[in-house]
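*Asks:* Model the structure of this input:
(one chain, ligands or ions: 1)
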Amino acid sequence: QSLRELPPSKDSLLVRLFFSGSRDRDDVLSELRSSELDGFLSALKKRHPHQEEFHQAVEEVLESVWPILEDRPDFQKANLLERLVEPERVLTFRIVWETDDGEVRVNRGHRVQFNSSIGPYKGGLRFHPTVNLSVLKFLGFEQCFKNALTGLPMGGGKGGADFDPKGRSEREVMRFCQAFMTELGRHIGESTDVPAGDIGVGGREVGYLFGQYKRLQNRFVSVLTGKGQSFGGSLLRPEATGFGAVYFLRHMVEAKGQSLKDKRIAVSGSGNVALHAAEKLLELDAKVVSFSDSGGSIYVPEGLDRKGLETVRHIKLERRGRIHEVADEIDGVEYQEGQSPWSIECDVAMPCATQNELDEEDAKKLVSCGAQAVVEGANMPCTASAVEVLRKGSVMVGPGKAANAGGVAVSGLEQSQNAQRLSWTRNEVDEKLQAIMERIHSACAEHGEKDGAIDYIDGANRAGFLKVADAMLSQGLV
Ligand code: GLU
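*Replies:* Just a heads-up that it's a prediction; the model follows:
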């Protein structure tokens, strides 16, 4: 089935409605819609086989935007949807490097340059053994809408390699980054594609990548963000994703007439996003009751204090240790091996680890313990069936493309500072970040209003989509 014939116009839906007998109009319309959408998705699955994460991300966006398309014959005539789900360019390359023992290793690297209609491609690099094209296409697709929501001129892209930095020495990480950039360098540029960090790529890796780019191209330009402060990095960039997610959560809670004070927040992950989200939560007097890593979770019944958070930060970020070591160092902290934090009673869950880490069973537990909201610090951490359970259980879901947009937003601010050859104070960046998160919340509220409540998933998808789609339309058939 061709993707091209879909979706239907409102007129064609109404004609079919006319022939469908006397059943309820809304039921028939939604049935027709979902069968057309199914057709589009099954064609997509054939065209991008075995890429489940990518299918999942596309399906979620299309479910939200399908009703808009019925009223936009201009989008349909331009075949916008089919164009939107096809990355503009996908690069795959070999990376050869040498371990400290002189063994020669081969990894596979990619850059997915998804959509450049509103600005140069922008999005992180992920170094993790699970990296493949499905994961990077889902991340690149999400990034297009996330970046659009920030209001800054950034297109969508994502890249990375199936390299596992765990257990590698400093010099091995440096050699790998240099080998990776030796190939990637020819495909990126400050006005073409500007990568940054993601899982497995932090300040250290961005530094090595930047150094190699500069060496090869003999140009000191803003080709990466998340740089060190001594060579053009923005203040607050490391904190931005976690802080931004909490600013977003604060708006969600305030829209319900409440505050974050004393709310119990279960956080997963213990990397950059999780730790900075926790820092901001403590500042706002909320209680952080958990963290996790791939080995298990820690549970802190009374909530962690600042000293405890500093211990976690030291163990995870400086020592590059494991989360169970926290339980050995702080009294009253329980370690739950192999467990995620989702069976802990909480008011809010903040999954800040990785995709599909919160499934249907976890969602049921959150609904039954009376959780009010799930806010995605990671990209697509809730499975599709988890989202369905949460929506049915009236748990608000702040989707990653809105809630974690603070990271890439401050990356955009880093580019602005570099372009002006100056750097803003921490306060200036924080004010701008807060204003951006507030605007994203308002855009979600405007486009996601449903029966007096806000569906943040629909709101984020629609607002992001409209911006990208309008830009594509204006630029003709490119
Ligand atoms: N990897 C981050 C994200 O998922 C940040 C990307 C960037 O700063 O370009 O949005």
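
*Asks:* now Gly228: how far from the ligand?
*Replies:* From Gly228 over to the ligand the distance is 15 Å, taken as C-beta to the nearest ligand atom, to the nearest Å. Quick note: C-beta positions are derived from backbone N, CA and C, even for glycine.

*Asks:* Enumerate every residue touching Gln417.
*Replies:* Gly232, Ser234, Ser423, Trp424 (C-beta atoms under 8 Å, 6 or more residues apart in numbering).

*Asks:* Of these, which qualify as buried by neighbour count?
*Replies:* Buried members of the contacts of Gln417, counted by 16 or more other C-beta atoms under 10 Å: Gly232, Ser234, Trp424.

*Asks:* Looking at those, spot the one nearest the ligand.
*Replies:* Ser234 (10.2 Å; C-beta to the nearest ligand atom).

*Asks:* picking that back up, and which of the contacts of Gln417 is nearest Phe145?
*Replies:* Distance to Phe145 across the contacts of Gln417 (C-beta to C-beta) is lowest for Ser234, with 22.7 Å.

*Asks:* can you give me the helices for the stretch 301-450 of the chain?
*Replies:* Taking DSSP state H, counting those that start in this stretch as the criterion, the stretch 301-450 of the chain carries its helices at 306-313, 324-329, 360-368, 384-392, 400-403, 405-420, 426-447.

*Asks:* The residue nearest in space to the middle of the chain: what's it in contact with?
*Replies:* Taking C-alpha atoms, centre = their mean, the centroid of the chain lies closest to Asn379, which sits 3.2 Å from it. By C-beta under 8 Å, 6+ apart, the contact set of Asn379 is Phe138, Leu139, Glu142, Thr354, Gln355, Gly400, Lys401, Asn404.

*Asks:* so the third one touches Ala402, yeah?
*Replies:* No - applying C-beta atoms under 8 Å as the test, Glu142 and Ala402 come out as separate, 10.6 Å apart.

*Asks:* ok, these two, which is more surrounded?
*Replies:* Ala402 (32 against 29; other C-beta atoms under 10 Å).

*Asks:* how much space between the more buried one and the ligand?
*Replies:* The gap separating Ala402 from the ligand is 11 Å, by C-beta to the nearest ligand atom.

*Asks:* Near the ligand, which residues of the stretch 151-300 of the chain are found?
*Replies:* Ala196, Asp198, Thr225 (C-beta under 6 Å from any ligand atom).

*Asks:* pLDDT wise, what is the last one at?
*Replies:* In this model, Thr225 is scored at 99, pLDDT.

*Asks:* Point me to the helix or strand that includes it.
*Replies:* Assessed by DSSP states H and E, Thr225 sits outside every helix and strand.

*Asks:* what about it, how many neighbours?
*Replies:* For Thr225, the neighbour count with other C-beta under 10 Å is 28.

*Asks:* Let me see the contact set for it.
*Replies:* Residues in contact with Thr225 (C-beta under 8 Å, 6+ apart) are Val194, Pro195, Ala196, Val206, Gly233, Ser234, Arg237, Ser411, Gly412, Glu414, Gln415.

*Asks:* Skip the chain neighbours and tell me the closest residue to it.
*Replies:* Excluding the flanking residues, the one nearest Thr225 by C-beta to C-beta, 6 or more residues apart in numbering is Ser411, at 3.8 Å.

*Asks:* That neighbour is in contact with Leu236, isn't it?
*Replies:* No - using C-beta under 8 Å, Ser411 is not in contact with Leu236, being 11.0 Å away.

*Asks:* ok, the residue nearest to the centre of the chain to Phe141 distance?
*Replies:* Taking C-beta to C-beta, to the nearest Å as the measure, Asn379 falls 10 Å from Phe141.

*Asks:* Quick one, which of the helices of the stretch 301-450 of the chain gets closest to Lys166.
*Replies:* Lys166 sits nearest to helix 324-329 of all the helices of the stretch 301-450 of the chain, at 15.0 Å, using C-beta to C-beta.

*Asks:* so how far is the closest one from its chain's centroid?
*Replies:* With C-alpha atoms, centre = their mean, to the nearest Å as the basis, helix 324-329 stands 29 Å off its chain's centre.

*Asks:* And the helices in the stretch 151-300 of the chain, which stretches?
*Replies:* All helices of the stretch 151-300 of the chain, identified by DSSP H, counting those that start in this stretch, fall at 170-184, 203-217, 237-255, 272-283.

*Asks:* will you turn the ones you listed into TSV that also has mean pLDDT, mean neighbour count and distance to Lys46?
*Replies:* Shown next, in TSV, are the helices of the stretch 151-300 of the chain (pLDDT from 0 to 100; neighbours: other C-beta atoms under 10 Å; distance: least, C-beta to C-beta, whole Å):
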stretch	mean pLDDT	mean neighbour count	distance to Lys46
helix 170-184	98	20	30
helix 203-217	98	19	36
helix 237-255	98	25	35
helix 272-283	98	24	35
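
*Asks:* residue in the protein nearest to the ligand?
*Replies:* Nearest residue of the chain to the ligand: Gly124, at 2.7 Å (C-beta to the nearest ligand atom).

*Asks:* thinking that residue is in contact with Val194, fair?
*Replies:* No - if you go by C-beta under 8 Å, Gly124 and Val194 don't touch, sitting 10.3 Å apart.

*Asks:* what residues are up against the closest residue in space to Ala161 that isn't next to it in sequence?
*Replies:* Spatial nearest neighbour of Ala161, chain neighbours left out: Gly109 (4.3 Å); criterion: C-beta to C-beta, 6+ apart. For Gly109, the contact set (C-beta under 8 Å, 6+ apart) comprises Thr92, Phe93, Arg94, Ile95, Gly159, Gly160, Ala161, Phe180, Glu183, Leu184.

*Asks:* which one of the helices of the stretch 301-450 of the chain is the most hemmed in?
*Replies:* helix 400-403 (a mean of 31; mean count of other C-beta atoms under 10 Å).

*Asks:* on contacts alone, who are the packing partners of that helix?
*Replies:* In terms of contacts (3 or more C-beta pairs under 8 Å, 6 or more residues apart in numbering; DSSP states H and E), helix 400-403 is packed against helix 133-150, helix 237-255, helix 426-447, helix 456-474.

*Asks:* at 10 Å what do you get?
*Replies:* Packing contacts for helix 400-403, counted by 3 or more C-beta pairs under 10 Å, 6 or more residues apart in numbering; DSSP states H and E, involve helix 52-70, helix 133-150, helix 237-255, strand 373-375, helix 426-447, helix 456-474.

*Asks:* neighbouring contacts of the fourth one?
*Replies:* Taking contacts as C-beta atoms under 10 Å, 6 or more residues apart in numbering, the residues outside strand 373-375 that touch it are 245-246, 248-250, 252-253, 256, 263, 265-267, 277, 342, 346-352, 358, 362-363, 366, 381-382, 386-387, 390, 395-400, 402-404, 456.

*Asks:* Appreciated, that's everything.
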